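> Dropping the sequence and predicted coords here.
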Amino acid sequence: MSGDGENGPPPDPERGERPTVTGGGPTAVAQLSEDAVRVFRWVSDHGVCAARTLGEALGLPEARTASAVTTLTGLLLLRRLPDDPDLLVPVAPDAAIAALVAPQEAALRRQLAEIDRLRGELALLTPFYAEGQRRRQGRTPLTVVTDLQTVVGMITEATIRCAQEVRTCHPGGGRSPALLEQAYIRDRDMLRRGVRMRTLYQHTARYHLPTQEYARRMTDEGAEIRTLSELFGRMVAFDGETVLIPHQDDPDAAVVIQDPSTVAYLCATFDHAWSLAEPYHPAWTESPVRDEVKQAIVRLLAEGMKDEMVARRLGMSLRTCRKHIAEIMEQLGAASRFQAGYLARVESSGPAPAQPGG
């Protein structure tokens, strides 16, 4: 709203009029023009004045007088008498200020109170964040635990705390029935809490009757089990935060890893192996999984590995490994293990190109 009124003519600088400036808020009000100041002084001097005589008394055009009156009534500096709306009386500026500013001050106080409430509410979370930071920074990236009972206790504690997922990788053949029974009770409780469980075995674990029974019971509880001919190593990962791997030189020791980058790398390695693995099914005598085991034996033989190393890599007994090797050599007509690997590799790559002049 300008000093010339909402519907009045635009301000004329040559007559000393100033453009009014309004704020951006919903309760913004007009600034006073010089005409409005003259009208207010006149009405204040006379106490009461007829609106129709103001222009003549002040020597102002009717449109400018009407605009000034509109501005002053909008600012609550003039009010019309109820009995005669043409009569104007002045209002004390302090009263007008109180009437105009009080609602805005109240709204501002409400905004400030909301800001204080929000600040206080969010500040309640600061201790939790700080504690989490301290815990993360206080974690030891790598810890070597040499006592077997301590290792078992750490696994049990991590199992109890686990809330989302556990990844386990078990190279080698089947585990002992006693260990499998302990694992079943512990793992079953996790599954019933809604924890996802994924386990990788080597294909040779499908031969092992206790492992077959364990796998059946666990899959009934919701566990996921897959097998692969070769695995990258033994590990158990809890919630993508803590990984336990065996110590290289001490079978009773473990290495606890909590470094985020290393844990993420190990979990990604597990996930890649998982994507290549086959779902666990005990009956697999003539399945592609059996062929995959033989292909792995052939590949390792071609690399020059001894029987003992092949058996260890594939998680099978030396006797079973040598039985497979004998079958492969007979099938290929090979005189030696290395030749068997070579012949199998040539056979898988297709016929050799013809020699020149042949």
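Okay, I see it.

> What's the mean pLDDT across stretch 70-80?
For stretch 70-80, mean pLDDT rounds to 91.

> Now do the buried residues in it.
Within stretch 70-80, the residues scored as buried using 16 or more other CB atoms under 10 Å are T70, T71, L72, G74, L75, L76, L77, L78. To be clear about C-beta, it is placed using only N, CA and C from the backbone, and glycine gets the same treatment.

> The stretch 1-150 of the chain: helices as residue ranges?
For the stretch 1-150 of the chain, applying DSSP state H, counting those that start in this stretch gives helices covering 34-46, 51-58, 62-74, 93-123, 126-138, 148-161.

> coming back round to it: could the buried residues of stretch 70-80 be laid out in a markdown table, adding distance to A50?
What follows is the buried residues of stretch 70-80, written out as a markdown table (distance: CB to CB, whole Å):
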| residue | distance to A50 |
| --- | --- |
| T70 | 16 |
| T71 | 18 |
| L72 | 15 |
| G74 | 20 |
| L75 | 20 |
| L76 | 20 |
| L77 | 17 |
| L78 | 12 |
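
> Lowest average confidence across the helices of the stretch 1-150 of the chain, which one?
Ranked by mean pLDDT, the helices of the stretch 1-150 of the chain end with helix 126-138 at the bottom, a mean of 70.

> Identify the farthest-apart pair in the buried residues of stretch 70-80.
Using CB to CB, the buried residues of stretch 70-80 span at most 12.4 Å, a distance reached by T70 and L76.

> of the buried residues of stretch 70-80, closest to L314?
For those, the nearest to L314 is G74 (92.0 Å; CB to CB).

> which stretches of the stretch 201-350 of the chain have low pLDDT?
Filtered on pLDDT under 70, the stretch 201-350 of the chain yields the residue ranges 282-289, 345, 347-350.

> now the helices for it?
209-221, 260-276, 288-302, 307-314, 318-332, 337-349.

> Can I get these in CSV including distance to F40 and mean neighbour count?
CSV is the format used below for these (distance: least, CB to CB, whole Å; neighbours: other CB atoms under 10 Å):
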stretch, distance to F40, mean neighbour count
helix 209-221, 87, 17
helix 260-276, 72, 14
helix 288-302, 98, 19
helix 307-314, 100, 18
helix 318-332, 108, 15
helix 337-349, 104, 16
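
> Export these as a markdown table, with columns for distance to C162.
Below are the helices of the stretch 201-350 of the chain laid out as a markdown table (distance: least, CB to CB, whole Å):
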| stretch | distance to C162 |
| --- | --- |
| helix 209-221 | 15 |
| helix 260-276 | 14 |
| helix 288-302 | 30 |
| helix 307-314 | 30 |
| helix 318-332 | 35 |
| helix 337-349 | 43 |
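
> out of those helices, nearest to A92?
helix 260-276 (69.3 Å).

> which helices and strands does the closest one pack with?
strand 165-170, strand 196-202, strand 224-228, strand 235-238, strand 242-246 (3 or more CB pairs under 8 Å, 6 or more residues apart in numbering; DSSP states H and E).

> For I97, give its distance to L78.
Separation of I97 from L78 (CB to CB, to the nearest Å): 15 Å.

> just V151 next, same as before
Going from V151 to L78 by CB to CB gives 89 Å.

> try R167
Distance of R167 to L78, computed by CB to CB: 81 Å.

> likewise I225?
Distance of I225 to L78, given as CB to CB: 88 Å.

> on that earlier part again, any chance of the helices and strands packed on helix 260-276 in JSON lines, plus distance to L112 and mean neighbour count?
Listed next are those as JSON lines, based on distance: least, CB to CB, whole Å; neighbours: other CB under 10 Å:
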{"stretch": "strand 165-170", "distance to L112": "46", "mean neighbour count": "20"}
{"stretch": "strand 196-202", "distance to L112": "48", "mean neighbour count": "22"}
{"stretch": "strand 224-228", "distance to L112": "55", "mean neighbour count": "20"}
{"stretch": "strand 235-238", "distance to L112": "47", "mean neighbour count": "22"}
{"stretch": "strand 242-246", "distance to L112": "46", "mean neighbour count": "19"}
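
> Make JSON lines out of those strands and add distance to A92.
JSON lines is the format used below for the helices and strands packed on helix 260-276 (distance: least, CB to CB, whole Å):
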{"stretch": "strand 165-170", "distance to A92": "74"}
{"stretch": "strand 196-202", "distance to A92": "75"}
{"stretch": "strand 224-228", "distance to A92": "82"}
{"stretch": "strand 235-238", "distance to A92": "75"}
{"stretch": "strand 242-246", "distance to A92": "75"}
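
> Tell me which of those strands lies nearest to T65.
With CB to CB as the criterion, T65 lies closest to strand 165-170 of the helices and strands packed on helix 260-276, at 81.1 Å.

> Looking at the helices of the stretch 201-350 of the chain, which is nearest to V236?
Going by CB to CB, the one of the helices of the stretch 201-350 of the chain nearest V236 is helix 260-276, 9.9 Å.

> mind giving me the domain ranges of this protein?
Per automatic domain parsing, the structural domains of the chain span 13-91, 141-279, 288-349.

> will you turn these into CSV that also has distance to E114?
Compiled in CSV, those are given as follows (distance: least, CB to CB, whole Å):
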stretch, distance to E114
domain 13-91, 17
domain 141-279, 35
domain 288-349, 64
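
> so which of these comes closest to A106?
domain 13-91 (10.8 Å).

> Would you confirm that T320 contacts A311?
Yes. Assessed by CB atoms under 8 Å, T320 is found in contact with A311 at 7.3 Å.
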